[in-house]
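[1] Sequence first, then the predicted structure:
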Amino acid sequence: MKIITKIWYRLSIKRKLMLFFSLIIICISILNLYTLINSFNYMKIYEHDLLKNTVIHNLQIAIIENNTSFENYIMYSDNNSLSQFTNGIPEIWLNWNKVYETSAANREAYYEISAIRYAFIAYIESANKTLEQQNISESAFIDHLLKTRRINGYLEQYFKDLVQIRLEEGSQLHSVQIDKVKVIRRISILGIILISVLFLFFGTFFSGSVTKPIRELAARSLKMADGNLKGSPFNVPYKDEIGVLTNSFNKMSTNIRNMIKSLEDKVIIEQKLHEDEVKLIEMNRSLQEAQFLSLQSQIRPHFLFNTLNVISRTSMFEKAPKTIKLIESLSNIFRYSLNNQKLIVPLCDEINILNEYMHIQKIRYGDRLTFEVHCATDLLNINIPIFTLQPLIENAIEHGIEPKEKGGTISLTIERVDQKIRIEIADTGVGISQEMIKKILSGDEQTPSDKTTGIGISNVKRRLNIISDGNITFDIQSIPDDGTTIIITIPGEEHV
């Protein structure tokens, strides 16, 4: 018994279940096999018994039909009936042979079958003589006809006796088989009861061996969840999955206790690191805001000086309208620059202030400068850094259009391409050398002190990279004496 217990403890749950269900399946299969074999045997016995009755019935029907054909010919002289009478005789002998093969084992049935044979032979002889004397001698014809009918009566009596013998034989067979069926039924019921008892016993034992340790583990887990990490290890004798689960739980409890102790030692360090991290984030944020504000404030007085000169020259030729518009445009630009403390603004604000700026520049350059804006309406509310477009346009005027005697055209196109926003600033100026393009893109751009507002291309690029975490593309394409194109691609979200 101890050996069986040790083997049981070492078996896995899967193998225990397989062993249990294998025993159940074997027991049920043996019981079903026993029942099926006996059922097939009884079916064969009943089938053979039914066959005996069937062949006797077929023989009787064949003789009756043959006699009917004979009588029809005698009464109506129907040649078709005579043909049926003659052709039906071989079928009658064929059926008689079947009756003999299936029922001759019974002695009483054998006598009746033999009597039917000899009576039918006599019947055929008498019927043939009747047919021969039909047109020869009326008295001989009547004698043979009566004899034939008398023999047919004997055949009917023999069939009745044979059927009665078969019924008695079938009744005896049925009684014997009923007794056997009762025995099989008792055995089947006892087998089902034994299998059910075995299943209940093993199921109760197996479920207890599985659920009891799991309930204990669940109770200990609830205690751990409530913060109670104290307690002795829980051991079970099983080496199956329950044993593995118990050992893992014990190791987990020990590791959790050690980990909590280690975490308690590190709490102060983690808090300090968190405080340092918060300070670092605040410093980076302040640094970025200071950097944006510094870039935003880099508008030098040169632009104001040139604008005032233009206003003074214009006021000499025109007394009011143009001068007022120039002053308003200049005021709007300075108001936008000095009073707007936002780091990012809607695109529509940038375009509006750009139009104010270009109004001044068109007055300054006259027909030498042409400016075009193409912007999709659904993009007017996207956010970009303040002073992104104006410095780029100003750079195109000062370094591209102004050196050309005939002036040129500047176009601004803003559109959505492949789920991204594409800003293109193109001019027909003198162009930029490839060496200068490399310096601008690398951040080595040097803007002369007497040119532009002071916010150069590299500054614009840097601000866009800062606010979009480097998710933009900034490209400059230029052909000497043929113009320059700046292409900026930014993500298609609401904010850059």
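    Nice, thanks for sending it over.

[2] Can you report phi and psi for residue 408?
    Phi and psi for residue 408, reported as degrees, to the nearest 10, are phi 180, psi -170.

[3] do the same with residue 429
    Dihedral angles (degrees, to the nearest 10) for residue 429: phi -80, psi -160.

[4] Give the full set of residues in contact with residue 406.
    Shown in contact with residue 406 (C-beta atoms under 8 Å, 6 or more residues apart in numbering): residue 368. Any C-beta I mention is one placed from the backbone N, CA and C, and that applies to glycine too.

[5] Assign a three-state SS to it, would you?
    coil (DSSP: H, G, I helix; E, B strand; the rest coil).

[6] Give the buried residues for stretch 217-232.
    217, 220, 224 (16 or more other C-beta atoms under 10 Å).

[7] Could you do stretch 247-263 as well?
    249-250, 253.

[8] Sort out which of those are in helices and list them.
    The helices, defined by DSSP state H, take in 249-250, 253 from these.

[9] Any chance of these in TSV with distance to residue 27 as columns?
    Converted to TSV, those look like this (distance: C-beta to C-beta, whole Å):
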residue	distance to residue 27
249	37
250	39
253	43
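
[10] what about the residue lying closest to residue 370 once chain neighbours are set aside, neighbour count?
    Residue nearest to residue 370 in three dimensions, not counting chain neighbours: residue 409, with 4.2 Å by C-beta to C-beta, 6 or more residues apart in numbering. Neighbours of residue 409 under the rule other C-beta atoms under 10 Å: 14.

[11] for residue 208, same thing?
    Neighbours around residue 208, by other C-beta under 10 Å: 10.

[12] Please tell me how far the nearest residue to residue 483 once chain neighbours are set aside sits from residue 96.
    Spatial nearest neighbour of residue 483, excluding adjacent residues (C-beta to C-beta, 6+ apart): residue 428 at 4.4 Å. Separation of residue 428 from residue 96 (C-beta to C-beta, to the nearest Å): 124 Å.

[13] before we move on, the earlier item: just curious, which of the ones in helices among the buried residues of stretch 247-263 is nearest to residue 21?
    residue 249 (28.5 Å; C-beta to C-beta).

[14] Outline the domain layout of the protein.
    For the chain, automatic domain parsing gives the domain ranges 2-208, 297-491.

[15] Relative to residue 268, tell me which of those wins on proximity.
    domain 297-491 (33.6 Å).

[16] Report the mean per-residue pLDDT for that closest one.
    The average pLDDT for domain 297-491 rounds to 80.

[17] now it: how far from the chain's centre is it?
    55 Å (C-alpha atoms, centre = their mean, to the nearest Å).

[18] Assumed residue 373 was part of a strand.
    Yes. Looking at residue 373 with three-state DSSP, it is inside a strand.

[19] right, and it touches residue 352 too?
    No. If you go by C-beta atoms under 8 Å, residue 373 and residue 352 don't touch, sitting 10.7 Å apart.

[20] Just give me the neighbour total for residue 268.
    Residue 268: 9 neighbours (other C-beta under 10 Å).

[21] for the stretch 351-496 of the chain, what spans make up the strands?
    Assigned by DSSP state E, counting those that start in this stretch, the stretch 351-496 of the chain shows strands spanning 369-375, 383-385, 408-417, 420-427, 473-479, 483-491.

[22] which residues touch residue 84?
    Applying C-beta under 8 Å, 6+ apart, the residues near residue 84 are 65-66, 69.

[23] again, but for residue 35
    Residue 35 neighbours (C-beta under 8 Å, 6+ apart): 184, 188.
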